[in-house]
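> Sequence and predicted model, in that order:
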Amino acid sequence: MALEIKILDYGDIELESSFLVLGRDCGRTRRVLTLGFLILGGKYPVVVDTGYRSNQIMETLGMRGLQYHENMIENQLARHGVRMGDVRFVCHTHLHIDHAGKDDLFPMNTTVVLNRKELEYSVSGLMHPQYPAPDIKHLIDRLHTKSALRFLDLEITGPIELMPGVYCDAANAHTEGSMNVIVETADGIATICGDVIYDFNDQIVTPFNEIHDWEPRTTGNHGTSKRAEKASIKKLLSNSRYLLPVHDRPAKIEGGNVVGRLHDQVPGPIVQSLPARNWFPA
């Protein structure tokens, strides 16, 4: 059976717009998705990112969580016939507040997989409020439990195969330890890219306030350099057939362009087609 990715809807977040796209609509509020991903078709199910712990915890960042009963991770998995205990690996693109909030609901024999540098970064204080204590303390419990945590050293090793058709690779953007999860589907490479991209339209399709050819806009929330952020987006666009960020619906990529949008699975039907760029206007 070919690998496929199901979208898990963990609820929405309301937050300040320029947090998502650098300099955009400063002071205005935007509502965004918070998604997770379920990889099916392999020997066992794999989950990527687990959302935020509660609506209340989002208030610590001045944001509003909009998570309801149907958004609970166990209910999202149940829609695909998967129970928490069925999941072999929980992978994290990174450990921010809206990505690692439900790890403690999984049994300790479900292995959490992350880039070692990300756990180090989470306790460095450099982006402190975005790494809440309950989430990180649970990972320390896993650190002291046999096989409950798996560290990758992606900056040194390069891509690592987690299971046939699923690879982890350093993102080199957003946080110092972020990673991408790469899935070989029947229709090409699908890359789960965390928060390297927040908003396809304003970062890539029509990049906000960018005048240079093929120059993406960075997010307003990152711990690496602008050069690294832009380069990582360009690499994603060059190497993937599909891109799946956590706060926007998936996109289909051709020739480095966003040509279509998908809704709740990859591969899956295109729900919105985008016109090709008109390089030579009349």
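Yep, it's here.
> going forward, measure contacts between C-alpha atoms and count neighbours the same way
Noted.
> which stretches of this structure have low pLDDT?
Scanning the chain for pLDDT under 70 picks out 276-282.
> tell me the centre residue of it?
Nearest to the mean C-alpha position of the chain, counting by Cα atoms, centre = their mean, stands G194 at 2.0 Å.
> who's in contact with it?
By Cα atoms under 8 Å, 6 or more residues apart in numbering, the contact list for G194 reads T93, H94, S178, M179, N180, L244, P245, V246.
> who does R31 bridge with?
The partner list for R31 in beta bridges (DSSP bridges) reads E14.
> my guess is C193 is in a strand, correct?
Yes - secondary structure of C193 (DSSP: H, G, I helix; E, B strand; the rest coil): part of a strand.
> And it, how far from I204?
14 Å (Cα to Cα, to the nearest Å).
> And those two? Which one has more around it.
More neighbours surround C193 than the other of C193 and I204, with 25 against 22 (other Cα atoms under 10 Å).
> can you map out the helices along this protein?
For the chain, helices defined by DSSP state H occupy the ranges 17-20, 55-58, 73-78, 116-122, 133-143, 154-157, 200, 226-239.
> so what secondary structure elements neighbour the shortest one?
When you say that, I think you mean helix 200. Using 3 or more Cα pairs under 8 Å, 6 or more residues apart in numbering; DSSP states H and E, no helix or strand is in contact with helix 200.
> ok, and what's touching it?
With Cα under 8 Å, 6+ apart as the criterion, helix 200 contacts D248, A251, V258.
> just to revisit the earlier point, with mean neighbour count and distance to I7 as extra columns, can I get the helices of the chain in a markdown table?
Output for the helices of the chain, formatted as a markdown table (neighbours: other Cα atoms under 10 Å; distance: least, Cα to Cα, whole Å):
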| stretch | mean neighbour count | distance to I7 |
| --- | --- | --- |
| helix 17-20 | 20 | 21 |
| helix 55-58 | 17 | 20 |
| helix 73-78 | 18 | 9 |
| helix 116-122 | 19 | 24 |
| helix 133-143 | 16 | 22 |
| helix 154-157 | 14 | 25 |
| helix 200 | 22 | 17 |
| helix 226-239 | 18 | 19 |
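> Just put those in CSV and tack on distance to E215.
CSV is the format used below for the helices of the chain (distance: least, Cα to Cα, whole Å):
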stretch, distance to E215
helix 17-20, 17
helix 55-58, 32
helix 73-78, 36
helix 116-122, 27
helix 133-143, 35
helix 154-157, 25
helix 200, 13
helix 226-239, 8
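> quick one, which of these is nearest to D169?
Across these, D169 has its closest neighbour in helix 154-157 (6.0 Å, Cα to Cα).
> Residues in contact with the closest one: which ones?
For helix 154-157, contacts defined as Cα under 8 Å, 6+ apart pick out N115, I160, C168, D169, A170.
> how close does the closest residue to the first one other than its chain neighbours sit to D169?
Computed as Cα to Cα, 6 or more residues apart in numbering, the closest residue to N115 that is not its neighbour in sequence is L152, at 4.6 Å. According to Cα to Cα, L152 stands 9 Å off from D169.
> Please flag which of the contacts of helix 154-157 sit within strands.
Using DSSP state E, N115, I160, C168, D169, A170 are the members of the contacts of helix 154-157 that sit in strands.
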